[in-house]
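Engineer: Output the structure for:
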Amino acid sequence: MKLSIDANNVSAENQLADTAKTKYHIASGEKKRIAMIGNSITLHGIKEDIGWHGEWGMAASCKEKDYCHLIIHDYRKDHPDTSFMICQAADWEINFDISCDEYPEQLRAVLNFAPDIVVLRLGENCRREYCEEHDFDHSFMQLCEYLGKNGAKLVITNSFWYSTWTDGGIKKATQKCDGLYVELSDLGDMDEMKAIGLFEHSGVAAHPGDKGMRAIADRILEALLKL
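Structural biologist: Next up, the predicted model:
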């Protein structure tokens, strides 16, 4: 059976320049700090050869309409003194079988940011063969423990495109670390949630468009407000 995740043919490598893999949005007061970790759906740099010209979540029509910036805007309505960090961690997805000491610099930067809450939204670039060869469940649990070791609460989503080889491990890790789980994979089965027809490259077009980004943001916001 062909899964919707197979439509993602956007390379997980070099999605963003190293200097831009963490972006900060700082509000005065800094009463609360929230880090949002993800991949191309969270933040992808300009890549002319596939027809992507933004530096925000692929394939939102503008920065303000990707799920991270929607969350920032809406959350600050009631919590104006919240600081946000956006972290691009596709590097971890393609090489997750590593120790915490070997984590990409941007993941170590999350701990330095000292977040109260971490939104973890990874998995789309974890390929079936690599997950079968290595222990994805163990590696994802290790990542969750690393991000929560200083007391941060975790909000964890599964993949936008359903993945049989990561979904179970994500759910188990969420339960074990007492996190809040957010289901997203049903959205990836709906064409209206994607940017189909707006981009020539099929992989870019399979990413969430404005409607999909809004749906992702709303579900994560619901979890954030519970905290």
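Engineer: List the residues that contact the closest residue to Phe199 other than its chain neighbours.
Structural biologist: The shortest distance from Phe199 to any non-neighbouring residue, by Cβ to Cβ, 6 or more residues apart in numbering, is to Ala205 (4.4 Å). Glycine gets a C-beta too; all of them are placed from N, C-alpha and C. Residues near Ala205 by Cβ atoms under 8 Å, 6 or more residues apart in numbering: 59, 194-199.
Engineer: quick one: pLDDT of Ala205?
Structural biologist: Note for Ala205: predicted pLDDT of 97.
Engineer: got it, and the one 5 residues further on?
Structural biologist: The score at Asp210 is 98. That number is its pLDDT.
Engineer: That one and Leu147: what is the separation?
Structural biologist: 29 Å (Cβ to Cβ, to the nearest Å).
Engineer: Could you check which of the two has the larger neighbour count?
Structural biologist: Leu147 (23 against 18; other Cβ atoms under 10 Å).
Engineer: How about the contacts made by that one?
Structural biologist: 35, 37, 107, 110-111, 118, 120, 154.
Engineer: one step back: can you tell me how far the residue nearest to Phe199 is from Lys226?
Structural biologist: Here Ala205 is placed at a distance of 33 Å from Lys226 (Cβ to Cβ).
Engineer: same thing with Ser11?
Structural biologist: Using Cβ to Cβ, Ser11 is found at 35 Å from Lys226.
Engineer: When those two are compared, which one has more neighbours?
Structural biologist: Taking other Cβ under 10 Å, Ser11 and Lys226 do not tie; Ser11 has more neighbours (14 against 9).
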